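K.L.:
Make a model of this:
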Amino acid sequence: MIRSAALGLALALATAGGAAAQLSPYASAGEQQAALTDGRVTSEQLVRGYLERIERIDRAGPKLNAVLALNPKALDEARRLDAERRAGKMRGPLHGVPILLKDNIETADGTATTAGSLALAANVAGRDAPLVTRLTDAGAIVLGKTNLSEWANFRGNRSISGWSAVGGLVRNPYSLDRTACGSSSGSGAAVAAGLAAFAVGTETDGSITCPAAMTGVVGLKPTVGLVSRTHVVPISPEQDTAGPMTRTVADAAAMLNVIAGTDPADPATREADARKSNYLAGLKRDALKGARIGVWFPSKGRSPQTDAVFETALQALRDQGAVLVDVKAPDEATLARIGELEGDLLRWEFKAALDAYLATTPAAVKSRTLADLIAFNRAEPRELALFGQEIFEAAQAKPPITDPAYREKRTVARKLARDSLDKMLSEQTLDAIVSPSGGPPSIVDPVNGGPFFGSPSRLPAVSGYPHLTVPAGYATGLPVGLSFLGPEWSEARLLALGYAFEQATRARREPEFLPDVAARPDIARAYDPR
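P.N.:
Take a look at the predicted model:
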């Protein structure tokens, strides 16, 4: 009964727009582009189909709350791109394919960029972030904005991942009572649920890779400086980056081909043009053959089902010819020191970066500083109904980043993180390190919180190195991801390794939109055998 209902929802796109019936809502962007090229579908049909599916699944039906706002110009843009295609003009590899953006990325389409906060409800910037310009120049259609953990999960100590005052709680399409993690919750849930093939997320520490893993999709946090952050609501210029969230590694590589590159307005990207490569062309099914892969298992024993998925993934790597090597992880004292420094530094950087960003917002945005936001939240009951703003208050109390103590701490933190990863990679001459991306998604519990099984995200986050997660398997139907970590600018290698693993395992399954895990037939029978 439940399974049939889920499949009925899954057919929403396929029955919309006539010729679009030839495509599944879970078609990859590559498959969509092939159908557009063959004339089996138009961009207008794709957009109409997704808009109908968003209405049925995201706003009614299971009510995922993944999509925060829709681009009012999406259909007009689709018709324009269809006309260009008929005239033989192709903008690029994403021509006519719809995409969703996390709602901390500015667009010129008339929608607000809210970061999930009511304080930014009037932030209609009228400008495209450079990464958006790159996407639209390549032919992508911005379908809308995705919900997120408010302020990218950087407001309160007991925050609920995936919740924002503007959009409510993002629900995990595999089990609606489970977390979609954060902060790019809506981007992960939307891609998993077939509301678009592509979405853009952003990460400071775990905000792409955690929601990607917990919603069963591919997520890539690139090297900091490969993708522009201009006109993206910030946390930390030292750690922030945008990146792809897709259902396939090939789609992630195709998106990275487009969004990677130097932005004169973002000094961190000065090397991007020289460092980027053709990530899609570099994907090989045999990339694991002979590859030396380090095994790091920081969460071992915390979730037996995750341990089993990881062991199965390791065997798949061996079967594809990889040489697996146990790595000597950093000691607990070093990891704890990196975490302590990171927490302190992000609060320092957030105040400076956010005040600078708010100064560029339209006059209609009345909160012009972090201090203004703190006052706004105190006066707005909807903002503090579930948790507080301790991080905001701690950040506001920080001295300016011109303080010499700040730069010294950032230097120490980056060196500790880089030395830790570099040592693991170099001691055994490794191509990459693999680790579980985390445990299965926990139940959303606004009273007690949920368990967290650990993640390898901190070292690549603080070092600025890339981190890829790929679906690896399931724990009682809940997704578990496999992380690939590598040195700076190693995206091409990580994507190739992730692609080879993906093609060998075909681990990803579509979600069933179950109300909870107990609705699975095997669990239901065990709960009530009579």
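
K.L.:
In space, not sequence, find me the middle residue of the chain.
P.N.:
With distances taken as Cα atoms, centre = their mean, the residue of the chain nearest its centroid is residue 208 (2.9 Å).

K.L.:
neighbours around residue 446, how many?
P.N.:
Residue 446: 13 surrounding residues under other Cβ atoms under 10 Å. (Glycine included, C-beta is placed from N, CA and C.)

K.L.:
Actually, residue 432.
P.N.:
24.

K.L.:
could you measure it against residue 201, distance?
P.N.:
21 Å (Cβ to Cβ, to the nearest Å).

K.L.:
same deal with residue 302?
P.N.:
From residue 302 across to residue 201, the span is 25 Å (Cβ to Cβ).

K.L.:
Please say which of those two ends up with more neighbours.
P.N.:
A side-by-side neighbour count of residue 302 and residue 201, using other Cβ under 10 Å, places residue 201 first with 35 against 15.

K.L.:
partner strands of the helix or strand where that one lies, parallel or antiparallel?
P.N.:
Here residue 201 sits within strand 198-203, counting by DSSP states H and E. Paired strands of strand 198-203, with direction, are strand 98-102 (parallel), strand 241-246 (antiparallel) (DSSP bridges).

K.L.:
Residue 309 and residue 512, how far apart?
P.N.:
18 Å.

K.L.:
actually residue 85, sorry about that
P.N.:
Distance from residue 85 to residue 512, by Cβ to Cβ: 35 Å.

K.L.:
Same question for residue 228.
P.N.:
37 Å.

K.L.:
tell me the mean pLDDT over whichever strand or helix holds residue 502?
P.N.:
Using DSSP H and E, residue 502 sits within helix 491-505. For helix 491-505, mean pLDDT rounds to 99.

K.L.:
Pull out the buried positions in that helix.
P.N.:
Within helix 491-505, the residues that count as buried by 16 or more other Cβ atoms under 10 Å are 491-503, 505.

K.L.:
Touching, the residue nearest to the centre of the chain and residue 202? I think so.
P.N.:
Yes. Using Cβ atoms under 8 Å, residue 208 is in contact with residue 202, at 6.9 Å.

K.L.:
Could you pull out the residues contacting both of the two?
P.N.:
By the contact definition Cβ atoms under 8 Å, 6 or more residues apart in numbering, residue 208 and residue 202 are jointly contacted by 184, 243.

K.L.:
Wait, residue 479 touches residue 440, no?
P.N.:
Yes. When contacts are counted by Cβ under 8 Å, residue 479 is listed as touching residue 440 (7.0 Å).

K.L.:
Pick out whichever of those two has more residues nearby.
P.N.:
residue 479 (31 against 27).

K.L.:
The more buried one pairs with what?
P.N.:
Under the criterion used here (DSSP bridges), residue 479 is bridged to residue 474.

K.L.:
Tell me the spacing between it and residue 380.
P.N.:
35 Å.

K.L.:
ok, now residue 34?
P.N.:
Counting by Cβ to Cβ, the gap from residue 34 to residue 380 is 48 Å.

K.L.:
the strands in the stretch 301-450 of the chain, which residues?
P.N.:
Assigned by DSSP state E, counting those that start in this stretch, the stretch 301-450 of the chain shows strands spanning 323-326, 432-436.

K.L.:
ditto for the stretch 151-300 of the chain
P.N.:
163-164, 168-169, 198-203, 218-221, 241-246, 292-295.

K.L.:
For the fourth one, name the packing helices and strands.
P.N.:
Okay, so that is strand 218-221. Using 3 or more Cβ pairs under 8 Å, 6 or more residues apart in numbering; DSSP states H and E as the contact criterion, the elements in contact with strand 218-221 are helix 209-214, strand 241-246, helix 249-259, strand 467-475, helix 491-505.

K.L.:
quick one: contacts of it?
P.N.:
184, 188, 201, 203, 208-209, 211-213, 241, 243-249, 251-252, 256, 457, 460-461, 466-471, 481, 491, 494-495, 498, 502.

K.L.:
what secondary structure does residue 139 sit in?
P.N.:
Taking DSSP: H, G, I helix; E, B strand; the rest coil as the rule, one finds residue 139 in the coil state.

K.L.:
From the contact counts, what lies against the longest helix along the chain?
P.N.:
Criterion DSSP state H: the longest helix present in the chain is helix 332-358. Counting by 3+ Cβ pairs under 8 Å, 6+ apart, the packing neighbours recorded for helix 332-358 are helix 370-379, helix 390-396, helix 404-427, helix 458-463.

K.L.:
out of the ones you listed, deepest packed?
P.N.:
Of all these, helix 458-463 has the most neighbours on average by mean count of other Cβ atoms under 10 Å, namely a mean of 26.

K.L.:
per-residue confidence averaged over it?
P.N.:
Across helix 458-463, the average pLDDT comes to 98.

K.L.:
Remind me what that helix packs against, helices and strands.
P.N.:
Counting by 3+ Cβ pairs under 8 Å, 6+ apart, the packing neighbours recorded for helix 458-463 are helix 332-358, helix 404-427.

K.L.:
got the ones you listed as a markdown table, with mean pLDDT and distance to residue 103 columns?
P.N.:
What follows is the helices and strands packed on helix 458-463, written out as a markdown table (pLDDT from 0 to 100; distance: least, Cβ to Cβ, whole Å):
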| stretch | mean pLDDT | distance to residue 103 |
| --- | --- | --- |
| helix 332-358 | 97 | 14 |
| helix 404-427 | 97 | 28 |
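
K.L.:
Quick one: closest of those to residue 291.
P.N.:
Closest to residue 291 of these, according to Cβ to Cβ: helix 404-427, at 12.6 Å.

K.L.:
Contacts made by that closest one with the rest, please.
P.N.:
Against helix 404-427 from outside (Cβ under 8 Å, 6+ apart): 238, 294, 296, 327-330, 334-335, 337-338, 341-342, 344-345, 348, 399-401, 430, 432-433, 458-465, 485-487.

K.L.:
Which among those residues count as buried?
P.N.:
Among the contacts of helix 404-427, those classed as buried by 16+ other Cβ under 10 Å are 238, 294, 296, 327, 329-330, 335, 338, 341-342, 344-345, 348, 401, 430, 432-433, 458-465, 485-487.
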